[in-house]
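Participant: Please work out how this folds:
(2 chains)
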Amino acid sequence: GAGVSQSPRYKVAKRGQDVALRCDPISGHVSLFWYQQALGQGPEFLTYFQNEAQLDKSGLPSDRFFAERPEGSVSTLKIQRTQQEDSAVYLCASSLTDSVNSPLHFGNGTRLTVT
Amino acid sequence: TQLLEQSPQFLSIQEGENLTVYCNSSSVFSSLQWYRQEPGEGPVLLVTVVTGGEVKKLKRLTFQFGDARKDSSLHITAAQPGDTGLYLCARADAGGTSYGKLTFGQGTILTVHP
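Facilitator: Have a look, this model is predicted:
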């Protein structure tokens, strides 16, 4: 079956532009996560959804970052007024349930470059 | 923030050599995961260790969870060029909202030369 799909794979934005990053999780997966990965670093948690409910957004760096999952499936991460420090790979992951025995499946990420 | 320290940060070896990557924390964690990430791809889960002293084997990879559950190691025997990648350890935040809310180490970049 299909894995987690993210689009676009690459996005170049000029500073100040708004961007929207899309994540299609594995069908039927309840939990969805967004992570940010800077070059040469491990991923850092941004936000978590259980179905359509955003249960944790503690990792979002500023109020310019907004995520939604309105129908409990596809999710969009929106960044308003992008800054150079937003340049990173944005990873989406999903899991069937929320348990230690339900592994995360990551997409291949969207590489965002802000110029 | 409960940090995970990984060492070494970089490792460059010849095919056939053995290597060990370490992951340490100042606090106890309930479980630890190891991931491998190739360039342009997302991390892929290798193993989850839960019990102190636990040892798990995955072909040429051996994962160990320390008795005190503050450290873990990944040992690769007879490394191959296909093992090249970024190796990440990760823990679920204590008292966190979800098992999937992970704190990752900074990773070990492994290069295996033919």
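
Participant: now the helices: where do they sit in chain A?
Facilitator: Per DSSP state H, chain A carries no helices over any range.

Participant: which residue sits farthest out from the middle of it?
Facilitator: residue A:101 (21.9 Å; CA atoms, centre = their mean).

Participant: What residues does that residue make contact with?
Facilitator: Residues counted as contacts of residue A:101 (CB atoms under 8 Å, 6 or more residues apart in numbering or on different chains) are residue B:48. In this view, the C-beta of every residue, glycine as well, is placed from N, C-alpha and C.

Participant: Helix or strand next in line after the lengthiest strand in chain B, which one?
Facilitator: Assignment by DSSP state E gives strand B:85-92 as the longest strand of chain B. Using DSSP states H and E, the helix or strand that follows strand B:85-92 in sequence is strand B:102-104.

Participant: Pairing partners for that next one, with directions?
Facilitator: strand B:85-92 (antiparallel) (DSSP bridges).

Participant: got the contact list for the partner strand?
Facilitator: Contacts of strand B:85-92 (CB under 8 Å, 6+ apart): A:42-43, A:100, B:2, B:4, B:6, B:21, B:23, B:25, B:29-39, B:43, B:72, B:74, B:98-105, B:107-110.

Participant: before we move on, what about stretch A:62-77?
Facilitator: Applying CB under 8 Å, 6+ apart, the external contacts of stretch A:62-77 come out as A:20-25, A:27, A:30, A:32, A:34, A:46-47, A:49, A:51-52, A:54, A:57, A:60, A:78-83, A:86, A:90, A:92.

Participant: Show the contacting residues for residue 8.
Facilitator: The chain I'm using is chain A. For residue A:8, the contacting residues are A:21, A:22, A:110, by CB under 8 Å, 6+ apart.

Participant: Not quite, go with chain B.
Facilitator: Contact analysis of residue B:8 by CB under 8 Å, 6+ apart lists B:21, B:108.

Participant: Can you pull the phi/psi pair for it?
Facilitator: Per-residue torsions, residue B:8: phi -70, psi 170 (degrees, to the nearest 10).

Participant: Leaving out chain neighbours, which residue sits closest to the residue positioned nearest the centre of chain A?
Facilitator: By CA atoms, centre = their mean, chain A has its centre lying nearest to residue A:34, at 3.2 Å. Leaving aside its chain neighbours, residue A:34 sits nearest to residue A:46 (4.2 Å; criterion: CB to CB, 6 or more residues apart in numbering or on different chains).

Participant: How are the strands of chain B distributed by residue range?
Facilitator: Using DSSP E, strands in chain B cover B:5-7, B:10-14, B:19-24, B:32-37, B:44-49, B:55-58, B:61-65, B:71-76, B:85-92, B:102-104, B:108-113.

Participant: Mean pLDDT for these - can I get that in TSV?
Facilitator: Putting the strands of chain B into TSV (pLDDT from 0 to 100) gives the following:
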stretch	mean pLDDT
strand B:5-7	95
strand B:10-14	97
strand B:19-24	96
strand B:32-37	95
strand B:44-49	93
strand B:55-58	94
strand B:61-65	95
strand B:71-76	96
strand B:85-92	94
strand B:102-104	92
strand B:108-113	97
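
Participant: Turn the ones you listed into JSON lines, columns for distance to residue A:3 and mean neighbour count.
Facilitator: Below are the strands of chain B laid out as JSON lines (distance: least, CB to CB, whole Å; neighbours: other CB atoms under 10 Å in any protein chain shown):
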{"stretch": "strand B:5-7", "distance to residue A:3": "26", "mean neighbour count": "16"}
{"stretch": "strand B:10-14", "distance to residue A:3": "28", "mean neighbour count": "13"}
{"stretch": "strand B:19-24", "distance to residue A:3": "26", "mean neighbour count": "19"}
{"stretch": "strand B:32-37", "distance to residue A:3": "14", "mean neighbour count": "23"}
{"stretch": "strand B:44-49", "distance to residue A:3": "10", "mean neighbour count": "18"}
{"stretch": "strand B:55-58", "distance to residue A:3": "20", "mean neighbour count": "13"}
{"stretch": "strand B:61-65", "distance to residue A:3": "22", "mean neighbour count": "20"}
{"stretch": "strand B:71-76", "distance to residue A:3": "24", "mean neighbour count": "20"}
{"stretch": "strand B:85-92", "distance to residue A:3": "18", "mean neighbour count": "24"}
{"stretch": "strand B:102-104", "distance to residue A:3": "18", "mean neighbour count": "23"}
{"stretch": "strand B:108-113", "distance to residue A:3": "24", "mean neighbour count": "17"}
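
Participant: I'm done for today, thanks for sticking with me.
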